[in-house]
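> let's see this in three dimensions:
(3 chains)
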Amino acid sequence: MCYINKRNVGKNVIIKSGVEIGENVIIEDDVYIDYGCIIRDNVHIKKGSFIGARSILGEYLYDFYADRKNNKHPLIIGENALIRTENVMYGDTIIGDNFQSGHKVTIRENTNIGNNVRVGTLSDIQGDCTIGNYISLHSNVHIGQKSNIKDYVWIFPYVVLTNDPTPPSEVMLGVTVESFAIIATGSIILPGVHVYEDTLVGAGSVVTKDVLKESVVVGNPAKHVCSVREIKSKITGQAVYPWRYTFKRGMPWKDSNYDEWLKSLKIDEN
Amino acid sequence: MCYINKRNVGKNVIIKSGVEIGENVIIEDDVYIDYGCIIRDNVHIKKGSFIGARSILGEYLYDFYADRKNNKHPLIIGENALIRTENVMYGDTIIGDNFQSGHKVTIRENTNIGNNVRVGTLSDIQGDCTIGNYISLHSNVHIGQKSNIKDYVWIFPYVVLTNDPTPPSEVMLGVTVESFAIIATGSIILPGVHVYEDTLVGAGSVVTKDVLKESVVVGNPAKHVCSVREIKSKITGQAVYPWRYTFKRGMPWKDSNYDEWLKSLKIDEN
Amino acid sequence: MCYINKRNVGKNVIIKSGVEIGENVIIEDDVYIDYGCIIRDNVHIKKGSFIGARSILGEYLYDFYADRKNNKHPLIIGENALIRTENVMYGDTIIGDNFQSGHKVTIRENTNIGNNVRVGTLSDIQGDCTIGNYISLHSNVHIGQKSNIKDYVWIFPYVVLTNDPTPPSEVMLGVTVESFAIIATGSIILPGVHVYEDTLVGAGSVVTKDVLKESVVVGNPAKHVCSVREIKSKITGQAVYPWRYTFKRGMPWKDSNYDEWLKSLKIDEN
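Residues are numbered from 1 along each chain as shown, chains lettered A, B, ... in the order given. Next comes the predicted model:
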């Protein structure tokens, strides 16, 4: 039941029972593929990655359903991915290194995801979008087509990035989220909105206008309430934002601090 | 592992490995059933349909769990369905022709769905409801029991149609959505609300009262803000609504326009 | 394909094809395990339980991914569970008797669930939380880590209990929901909020402050509007709340009424 061209499989690969593997698949060293995965044609899984039970990689694009022939739509999964169970990832997609996902995540075609990205359970990335590095999408986040998410962005459960300004229409105006922005639980970002750097969109907001740098917005419709610099931790009484100075878990500056890390980068460049 | 009474299977049927098929199942010509589907008893799949990997058709109703016997609860899937992976569709349900669904959709018992309906990834149709023709439910839409959705309706992600006016209670007052209505992302429609023709419910609204014909409502609680006829496209500057005059993709008037198509229908009737 | 140490399997157990069973698994009498389930190590399924197709029980915790060795993280499922298809339940979790779940539910590690709890389709319990008895979580509810839900609580679709007061941070302030509280569709409860007994959080609320006993709150941000005792049924004209006097389906007082049942409990104690 599990056929694969052995030349394309690396060392120390574990493939559990019930896995189906298509043509032109590359599986690098130390990959683990759990029970019942479907790896369709033209999938490349880089070394050290774990593919959770019953995930479907290289899922068919719409063209398949016309003639039931699987055209070439490659999917590349970077090194050391941790993909939990029942993910569906389409072809024509590139996922960077150290990717982590929860259960039952959907990622559609023409998605480009950078390195060190985490995507929570039930999140749905609709394709035709760009997601940077060190992004955290929590559970049940919906990323509409044409979204553009820069680096170090946090998006919390049940947030939706929309794209159609006058539904139904043929126009698609994606949302842009700049680096270090935070969008809290249950917020809806309307089509074409630009969320700038170091902003905080409060929980349950409906964001109809651009969110300016370092602004906190809340409400329906969302309104500016203060600068992020005015927010203090109730625990420590200290300023919390911009968060890159107060939070480091999983970040590239985790062993020192943001400024030191930035300085070291610049030294490396010289 | 894949047993089926051959007399009930049409021509050019493809059944991939790991498929389980129950009793009294009818599979018409040109059907494709992908890996690992479970087709329980009394399911009828009409010609040309595609059933995505690991979908479960004819799922057990509650009576099964009392005695673990599967009573007769038929499921009918119309012609040319495109059902993506991991859908769960219960018995006692009828789905019309040209149905399309995303991944991981749930459709419960006593659901009647017309023709040319699309249901997005993770949507959950709770049963005991009626859904017309040319409906588009986007991702992650929740249709409560007793909902009644007419034709040409658009419902966007994370919309919930509710039904219990004083939870928890034994009373169920479903939502009615009339033809050509649009309910934008993240709106909640309260029990018994009637959304009339050609309305637009703005994103993130909590709709507590009936929405009158051609009305635009927004906010929490939702309030009337204008007529749909006042909304202009930011791109073209033209009026957008009623949308049947500005949008035709996938609609029966796609080769001419709404008025011409309507006229042709009337000629056909004479 | 289905290996199991026979000494740990009770009488009248049904295991359908494609089921994978790990080590140190206990399956009591009258258990039914449907097609394609994965039962990992150290899972104990008590008598009379039904495990829906392709559910994954005893799912790996994060430590598995470091060395791909499954450490001992037991999962206990109580008697007479009805777990529908494609649930994922982690190790280090205890679920009481008469549990019922919809499809595609996720329950993560360090979750303690009492008896007679129902969890709807697509709900996501993030772990490190305590859920009492006679709880009803409807479809697509998100229970954040550190949540504490007492007895007889009703939570409706798309409600989120959050936990991070200044995201992203290392602080986790869970939500507490006291007995007999009701949280209606689409509400978001902010970190550390205490929802007291007999309260009603209206649909679409964003709850930023504690909700006092018998209070009704609505809106974004949620504000007190009246006492629950002021709400009348539009059908009967009678007071509805506290609901334990007007609703009994599935409750321990279903054969008499709340007061009689409470009195009988006290007699039993003497």
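> what residues of stretch A:50-63 count as buried?
Within stretch A:50-63, the residues that qualify as buried are A:50-61, counting by 16 or more other CB atoms under 10 Å in any protein chain shown. No exception for glycine: its C-beta is placed from N, CA and C like everyone else's.
> could you export these as CSV, including pLDDT?
Below are the buried residues of stretch A:50-63 laid out as CSV (pLDDT from 0 to 100):
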residue, pLDDT
A:F50, 98
A:I51, 98
A:G52, 98
A:A53, 98
A:R54, 98
A:S55, 98
A:I56, 98
A:L57, 98
A:G58, 98
A:E59, 98
A:Y60, 98
A:L61, 98
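> for chain C, give me its nearest residue in the stretch 101-250 of chain A.
A:G204 (3.7 Å; CB to the nearest CB).
> surely that residue and A:P221 touch.
No. Taking CB atoms under 8 Å as the definition, A:G204 is not a contact partner of A:P221, at 11.6 Å.
> those two: which has the busier surroundings?
Higher neighbour count among A:G204 and A:P221: A:G204, with 31 against 16, using other CB atoms under 10 Å in any protein chain shown.
> interface residues of the stretch 1-150 of chain A facing chain B?
Proximity of the stretch 1-150 of chain A to chain B, by CB under 8 Å from any CB of the partner chain, involves residues A:1, A:18, A:20, A:36, A:38, A:54, A:56, A:59, A:65, A:68, A:86, A:88, A:104, A:106, A:122, A:124, A:126, A:140, A:142.
> ChimeraX command for the buried members of these?
Buried residues among the residues of the stretch 1-150 of chain A next to chain B (16+ other CB under 10 Å), as a ChimeraX selection:
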select /A:18,20,36,38,54,56,59,86,88,104,106,122,124,126,140,142
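> among the residues of the stretch 1-150 of chain A next to chain B, which are located in strands?
Taking DSSP state E, the ones among the residues of the stretch 1-150 of chain A next to chain B that sit in strands are A:20, A:38, A:56, A:59, A:88, A:106, A:124, A:142.
> my read: the fourth one touches A:D41, true?
No. Look at A:E59 against A:D41 with CB under 8 Å: they stay out of range, at 10.9 Å.
> measure the nearest residue to A:K146 once chain neighbours are set aside to chain B for me?
The shortest distance from A:K146 to any non-neighbouring residue, by CB to CB, 6 or more residues apart in numbering or on different chains, is to A:G174 (2.8 Å). Going from A:G174 to chain B by CB to the nearest CB, to the nearest Å gives 14 Å.
> can you verify A:G174 is assigned to a helix?
No. Assigned with DSSP: H, G, I helix; E, B strand; the rest coil, A:G174 falls outside any helix and is coil.
> so it sits against A:V193, correct?
No. Counting by CB under 8 Å, A:G174 does not reach A:V193; the two are 9.4 Å apart.
> hmm, back to that, now the residue of the stretch 101-250 of chain A closest to chain C. Nearest residue, chain neighbours left out?
A:G204's closest residue in space is C:V206 (CB to CB, 6+ apart), at 3.7 Å.
> how about the contacts made by the one you found?
A:186, A:203-204, C:187-188, C:190, C:219-222 (CB atoms under 8 Å, 6 or more residues apart in numbering or on different chains).
> pick out the residue of chain A closest to chain B.
A:V206 (3.7 Å).
> and the residue nearest to A:K146, how far from A:G127?
According to CB to CB, to the nearest Å, A:G174 and A:G127 sit 11 Å apart.
> any residues in contact with both of the two?
By CB under 8 Å, 6+ apart, the residues touching both A:G174 and A:G127 are A:Q145.
> ranges for the strands of the stretch 151-270 of chain A?
Using DSSP state E, counting those that start in this stretch, the strands found in the stretch 151-270 of chain A span residues A:154-155, A:160-161, A:176-177, A:182-183, A:188-189, A:194-195, A:200-201, A:206-207, A:215-218, A:223-227.
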